[in-house]
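1. What follows is a predicted protein model with its sequence.
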Amino acid sequence: MAAATHKQTVLAHLQSVLKKKFPAPPPPAADRPVLEEVVYAILREGATPDQADAAFAKLKDKEVFFDWNEVRVSSVSEVADAVHGLPEAGAKGERLIKFLQEVFEELYGFDLGDIAKKGVKQAAKQLARYKTGVTDFGVAWAVQRALGGHAIPLDHPTVRVLHRLGVIDPETDELEAVRGTLEHFIPKASGPEFTDRMAVFAATVCTEDHPHCESCPMRPDCPYGQEVLAKAKAKEAKPKKPR
């Protein structure tokens, strides 16, 4: 893992860049119940806020699904069709149905409001028990957005960016330790905006297959980007063989 001072410097610059160049989406019109926040987290993992917002609105459209029970008893393909704008829509549809099924079997309903009364740590443990639909990202999202705690949700795009910046080493750093580092350097009040802006940054600049390293505002701090550009420059400078 990189030295603490390096992490702090890079994360401070990253937060500044994200705030200047990647505006956070507006907050939800009203506070979501815990269950709906977990549903949203399933949609949001690996996606941008705009993609998740559109998918969530579709699920809440009573002309599509009357309520969460109708979502629960629908087929995976029906739910996937409704959220087709998301990455891995089929897998998310399946996770969503399984999560709602687990909640229904336990409560015979869809109200997780009592979880919030148990304190953040106990609530997080209870949410983590819904293993077929709720990932580590979903638990951290609910803690951050619905339970009043401090947590930084980590999905694949976020981890990819932090790995490329040298903040984490995915081969040696466990997810819990990575989150602890981020939560130490990123204030609780800044957590939601950081999470949302990182998703946009990962989707538009630090993409999986073809990152825009040359125009990336984090290029001076990014070992990965510097290596990519150096290789591209060396390739251009290599003399072509005569025909």
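-> Structure's in. What do you need?
2. Not counting its neighbours along the chain, what's nearest K58?
-> Nearest residue to K58 in three dimensions, chain neighbours excluded: A82, at 4.8 Å (C-beta to C-beta, 6 or more residues apart in numbering). To be clear about C-beta, it is placed using only N, CA and C from the backbone, and glycine gets the same treatment.
3. Mind pulling up the pLDDT for the one you found?
-> The model reports A82 with a pLDDT of 96.
4. Next: D136.
-> Per-residue pLDDT puts D136 at 94.
5. Contact partners for it?
-> By C-beta atoms under 8 Å, 6 or more residues apart in numbering, the residues touching D136 are 128, 154, 175.
6. For the first one, give its distance to F137.
-> It stands for A128. Noted for A128: a distance of 11 Å to F137, by C-beta to C-beta, to the nearest Å.
7. Give me the more crowded residue out of those two.
-> Neighbours per residue (other C-beta atoms under 10 Å) separate A128 from F137, with F137 holding more: 23 against 14.
8. and that one, what does it touch?
-> 41, 45, 153-155 are the contacts of F137 under C-beta under 8 Å, 6+ apart.
9. Helices of the protein, start to end?
-> Secondary structure of the chain by DSSP state H: the helices cover 4-21, 34-44, 49-60, 68-73, 76-82, 89-107, 120-128, 136-145, 156-164, 175-185, 191-204, 223-237.
10. same for the shortest one, what does it pack against?
-> Contact partners of helix 68-73 among helices and strands, from 3 or more C-beta pairs under 8 Å, 6 or more residues apart in numbering; DSSP states H and E: helix 89-107.
11. And the helix it packs on, what's buried?
-> Buried residues in helix 89-107, defined by neighbour count with 16 or more other C-beta atoms under 10 Å: 89, 92-100, 102-103.
12. can those residues go into TSV with extra columns for distance to K233?
-> As requested, the buried residues of helix 89-107 are exported to TSV (distance: C-beta to C-beta, whole Å):
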residue	distance to K233
A89	39
K92	40
G93	44
E94	45
R95	43
L96	46
I97	49
K98	48
F99	48
L100	52
E102	52
V103	54
